[in-house]
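Novice: need a structure here:
(chains A and B)
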Amino acid sequence: MPTNGAPTKITQGSRTKGGIGESTLRPDGTLKVTGEFAYSSDMWHEDMLWGQILRSTVAHAEIVSIDTSEALRTPGVYAVMTYDDLPTDVRNYGLEIQDTPVLAHGKVRHHGEPVAIVAADHPETARRAAAKIRVEYRELPVITDEASATAPDAILVHEDRTDHHIGHVPHPNIVHRQPIIRGDASEAAKRADVVVRGEYYFGMQDQAFLGPESGLAVPEEDGGVHLYIATQWLHSDLRQIAPVLGLPEEKVRMTLAGVGGAFGGREDLSMQIHACLLALRTGKPVKIVYNRFESFFGHVHRHPARLFYEHGATRDGKLTHVKCRIVLDGGAYASASPAVVGNASSLGIGPYKVDDVEIEAIALYTNNPPCGAMRGFGAVQACFAYEAQMDKVARELGMDPVEFRQLNAMEQGTLMPTGQPVDSPAPVAELLRRVKAMPLPPERQWESSEGADVRQLPGGLSNTTHGEGVVRGIGYAVGIKNVGFSEGFDDYSTAKVRMEVVGGEPVATVHTAMAEVGQGGVTVHAQIARTELGVAQVTIHPADTQVGSAGSTSASRQTYVTGGAVRNSCELVREKVLDIGRRKFGTYHPAWATAELLLEGGKVVTDGGEVLADLVDVLEDEAVEVEAEWRHRPTVPFDLRTGQGNGHVQYSFAAHRAVVEVDTELGLVKVIELACAQDVGKALNPLSVVGQIQGGTLQGMGIAVMEEIMVDPRTAKVRNPSFTDYLLPTILDTPIMPVDVLELADDHAPYGLRGVGEAPTLSSTPAVLAAIRAATGLELNRTPVRPEHLTGQA
Amino acid sequence: MRVNFTVNGRPQEADDVWEGESLLYVLRERLGLPGSKNACEQGECGSCTVRLDGVPVCSCLVAAGQVEGRDVVTVEGLAEHARQRSCGDAHGTALDEARGRQAQGTDSQTGEGTELAPIQQAFIDAGAVQCGFCTPGLLVAADEMLERNPDPTDADIREALSGNLCRCTGYEKIMDAVRLAAARQQEAV
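Specialist: Residues are numbered from 1 along each chain as shown, chains lettered A, B, ... in the order given. As a prediction, the model looks like this:
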């Protein structure tokens, strides 16, 4: 019973407690604080084996030979598998392009690529056996950047491409290219009084979710397998797993295990197929848990990017044109690169009104680690660069950077570079005003009655300064992110909702395949059911593939799309319940036929508030159940030559103000405050909304001042695959993060809501960079900034 | 080898332990206590924090053999640990206090009636739990800090929890939760 996303009336049950708009608490909260919540790495089964993956030690090489004999002889080892042991002809997988080998076939294309898998009775036995597999490599030159990828004699990372992008890319080592042309940027440039050019570099960021890739595959009696797994999209996994196993999808049952964060890093498969293969081969349950070292090789990262920008403006501060070229390094396999290109290009100039635009974005195939989805998805890299440009233009014009942005800020009705009108509120200037209006933290905030508290200073407990050489800087930034899957993707979700009387009380059960990764979707689903069905008790059924697809927990889309599906199914359930009520009681009161009826507080009431019946009496022993798909407004692909097209579902906006203090002598940075203002349309759960904004803000700060996967440019090997060397913000590094939430309804979206999760990750990074520039006067065209960049040692 | 030690007040015996196994592995895979988490297994993230003879440690860095004869408290035993601590105090009203903080019906589908330590309840109430993978380690560390320092400043909290990584929350709600637990603890005294 598919329906679409036409706006419908909000029928909020104001008398039902715990509905939308309230900060209800997580249904999984108690389990999570007591240690009882079962994450994918906690799965355990009688008689289970442990799986281990052997990964390539080089980035680009032909495999001359693989000798597994010694590993197989190891006591406790049950199976060793290589490419030759794969059961069917389907030996690759991938989100959009199936270019990723389940196990390496004759060649490895990046450091850490899976080559063989082992199952043994103890994880250490499996590790030691894997280490005994002898792989002989013949190394090939590595492709690491645009120059080496597109050189005339460049080795092709993928020799025989047949994917649907090969026809329009200028070189087979380019995954996808998206130009966007609107107006005439070269002609408009003639009107510019100032022209500012810049080249920027954005480093490779890791999602660094804390729960490692892990799961348990249990072979079943019918020859199938049941996989308990942490993922962002069960049905996408299923579509990729089943063909490799040679099983019909109904014989691969998938249940969502507890997910310890995701941030895009679980969109691609990791150990799913390997665990299933070993389970089917051995006939025993197989558990695989990556350690942190392996996790750095086991998932895609955020694309590093080189960005070239030209902005022009008239003396009175109006942008004349923007030209930009964004080169994303997709690494060895495509993953989500094509969609990241679509985002980087279409959102490439930011939330500004510019009629004359020339944009090009490409993603490369290289031998660097594969890159794909991470929170912000292409929009993050662009925002870092265009916001640096906006500051530079303002400086050239002698204008205040916030006023300059406000003067050029897009509004509802503004056309995107793609020609798509922004047809819901776009309070860009207002968000900047709000974030600027927040009170500033006091100067010399480190001073206390007992002298300087070094914990509040750059360098912290290293005790490197008591305030000498410390300079404060303030910076601003604003960004635009799309919500939902774009470019014509059929981005639907499914919800099954059931209502019945249990223990004398009406209870709703919500069953979706939505991956709860920590964002709080389960909390919101219960709230929606309470609001729509007027019940106090809502049970959230575990997510699995026994119900239709919910789409991905990505692109800030789940509250919009699966939330929309839950609401839609609740409405259909409500209609059925009311039909039952009319049948049973319709003759007793004329309002059954004439009034608008709602379900509130366990009762059927008229919109005037008159109670007609108790839900318990309407339902008696009947259960009402509906499973339905729901769709938002359709989108279309961007034109491959002009980039024109209504490609996005919805836009979301956030602005940040960063206050930093820099020890200019040592190049140490302390971010003091990161204030955010964001429009969320409607905060379904205000507590969770603020949590999302603060979490996203801190991830943006991480890539500004500390986080970067270092890849050796000579070998394409990862140099820092650990939490010792890949620096994540700790609570000591974290600034205070005041949040101002604006709620301007989007009439096209359920309850007027706007996807929340990603926008705050965009503007956080450029705001911090702007503040460091303000403190130091340095150009700083790359992120993250490290001490050597501030002291002139880099 | 065989290892005998006390976990959450109960004597435990783990057999066939390989010498290289960590305390974390023994807890999770041999004793059925997976609450202590395995985020990095290299002592950087604090998700596996337990109390070893009262001292917070990363259980991934403790060899199983080192705990022979010693006393371990994990997140699974945190509520009981907090209850015993407050029972030891002269006012004697702590049990009722603890019951008053039980999760309410709408808080949880499966946790109703679960007795929680004040810090656990505060994490739920303040929105300090998202994916929850860092939560057990943070709870053990925060509870230990409040035991030592019942009235911490923000800087004290940050210092005490600086060995525990969280990737979801941005730590602000965790700060709120610890402040809330400290305030409730003060009120109860």
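Novice: Run through the residues that contact the spatially closest residue to residue B:41 that is not a sequence neighbour.
Specialist: Using Cβ to Cβ, 6 or more residues apart in numbering or on different chains and skipping residues adjacent in sequence, the residue nearest residue B:41 is residue B:60, 4.6 Å away. All C-beta atoms are positioned from the backbone trio N, CA, C, and that covers glycine. Contacts for residue B:60 were tallied using Cβ atoms under 8 Å, 6 or more residues apart in numbering or on different chains; they are B:22-24, B:38, B:40-43, B:48.
Novice: End to end on stretch A:284-301, go ahead and measure it.
Specialist: This stretch, stretch A:284-301, spans 32 Å end to end (Cα to Cα, to the nearest Å).
Novice: Determine how far that stretch lies from the middle of the whole chain.
Specialist: 19 Å (Cα atoms, centre = their mean, to the nearest Å).
Novice: next SSE after the helix or strand bottoming out on mean pLDDT in chain B?
Specialist: Among the helices and strands of chain B, helix B:94-100 carries the lowest confidence by mean pLDDT, DSSP states H and E, at a mean of 44. Once the chain leaves helix B:94-100, the next helix or strand it forms, by DSSP states H and E, is helix B:118-126.
Novice: Quick one: list the elements packing against that next one.
Specialist: helix A:29-34, helix B:78-87, helix B:135-148, helix B:172-188 (3 or more Cβ pairs under 8 Å, 6 or more residues apart in numbering or on different chains; DSSP states H and E).
Novice: Let's have the ones you listed in JSON lines, adding mean neighbour count.
Specialist: Shown next, in JSON lines, are the helices and strands packed on helix B:118-126 (neighbours: other Cβ atoms under 10 Å in any protein chain shown):
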{"stretch": "helix A:29-34", "mean neighbour count": "27"}
{"stretch": "helix B:78-87", "mean neighbour count": "19"}
{"stretch": "helix B:135-148", "mean neighbour count": "25"}
{"stretch": "helix B:172-188", "mean neighbour count": "20"}
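Novice: between these, which gets nearest to residue A:344?
Specialist: Closest to residue A:344 of the helices and strands packed on helix B:118-126 is helix B:172-188 (Cβ to Cβ; 29.6 Å).
Novice: Using PDB, write out every CA atom in the closest one.
Specialist: The C-alpha coordinates for helix B:172-188 follow below in PDB (Å, rounded to 0.1, in the frame of the first residue of the first chain):
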ATOM      1  CA  GLU B 172      28.200  17.900  26.700                       C
ATOM      2  CA  LYS B 173      25.400  15.600  27.900                       C
ATOM      3  CA  ILE B 174      27.900  13.400  29.700                       C
ATOM      4  CA  MET B 175      29.000  16.500  31.600                       C
ATOM      5  CA  ASP B 176      25.300  17.200  32.400                       C
ATOM      6  CA  ALA B 177      24.800  13.600  33.600                       C
ATOM      7  CA  VAL B 178      27.800  13.700  36.000                       C
ATOM      8  CA  ARG B 179      26.700  17.200  37.300                       C
ATOM      9  CA  LEU B 180      23.200  15.800  37.800                       C
ATOM     10  CA  ALA B 181      24.400  12.700  39.600                       C
ATOM     11  CA  ALA B 182      26.600  14.800  41.800                       C
ATOM     12  CA  ALA B 183      23.800  17.200  42.600                       C
ATOM     13  CA  ARG B 184      21.400  14.300  43.400                       C
ATOM     14  CA  GLN B 185      24.100  12.700  45.600                       C
ATOM     15  CA  GLN B 186      24.500  16.000  47.500                       C
ATOM     16  CA  GLU B 187      20.800  16.300  48.000                       C
ATOM     17  CA  ALA B 188      20.500  12.800  49.300                       C
END
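Novice: Now do that helix: distance to the chain's middle.
Specialist: Per Cα atoms, centre = their mean, the centroid offset for helix B:172-188 relative to its chain is 15 Å.
Novice: relative orientation of that helix and helix B:118-126 in degrees?
Specialist: 130 degrees (axes from the mean of the first three to the mean of the last three Cα atoms, to 10 degrees).
Novice: report the angle between the axes of helix B:172-188 and helix B:78-87?
Specialist: Using the same axes, to 10 degrees, helix B:172-188 lies at 30 degrees relative to helix B:78-87.
Novice: which helices and strands does helix B:172-188 pack with?
Specialist: Using 3+ Cβ pairs under 8 Å, 6+ apart: helix B:172-188 touches helix A:686-705, helix B:118-126, helix B:135-148, helix B:154-160.
Novice: List of residues touching that helix?
Specialist: Counting by Cβ under 8 Å, 6+ apart, A:687, A:690-691, A:694, A:731, A:734, A:736-737, B:86, B:91, B:93-94, B:97, B:101, B:118-119, B:121-123, B:125-128, B:138, B:142, B:145-146, B:150-152, B:154, B:157-158, B:161, B:166 sit against helix B:172-188.
Novice: Show the average pLDDT along it.
Specialist: Average pLDDT, helix B:172-188: 95.
Novice: got the helices and strands packed on helix B:172-188 as TSV, with mean pLDDT columns?
Specialist: Formatted as TSV, the helices and strands packed on helix B:172-188 follow (pLDDT from 0 to 100):
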stretch	mean pLDDT
helix A:686-705	98
helix B:118-126	97
helix B:135-148	98
helix B:154-160	96
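Novice: Kindly tell me how buried the residue in chain B that chain A sits nearest to is, as a neighbour count.
Specialist: Proximity of chain B to chain A (Cβ to the nearest Cβ) peaks at residue B:35, 2.0 Å away. Per other Cβ atoms under 10 Å in any protein chain shown, the neighbour tally for residue B:35 reads 25.
Novice: hang on, it packs against residue A:39?
Specialist: No - Residue B:35 is beyond contact range of residue A:39, at 10.0 Å (criterion: Cβ atoms under 8 Å).
Novice: if I pick residue A:421, what's in contact with it?
Specialist: Residues counted as contacts of residue A:421 (Cβ under 8 Å, 6+ apart) are A:413-415.
Novice: are any of those buried, and which?
Specialist: residue A:414 (16 or more other Cβ atoms under 10 Å in any protein chain shown).
Novice: what would the contacts of residue A:421 look like in a markdown table with pLDDT, distance to residue A:349 and secondary structure?
Specialist: Shown next, in a markdown table, are the contacts of residue A:421 (pLDDT from 0 to 100; distance: Cβ to Cβ, whole Å; DSSP: H, G, I helix; E, B strand; the rest coil):
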| residue | pLDDT | distance to residue A:349 | secondary structure |
| --- | --- | --- | --- |
| A:413 | 98 | 17 | coil |
| A:414 | 98 | 11 | coil |
| A:415 | 98 | 12 | strand |
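Novice: To which secondary structure element type does residue A:142 belong?
Specialist: At residue A:142 the chain is in coil, as set by DSSP: H, G, I helix; E, B strand; the rest coil.
Novice: Tell me who's in contact with it.
Specialist: A:59-60, A:148, A:366-367, A:714-716.
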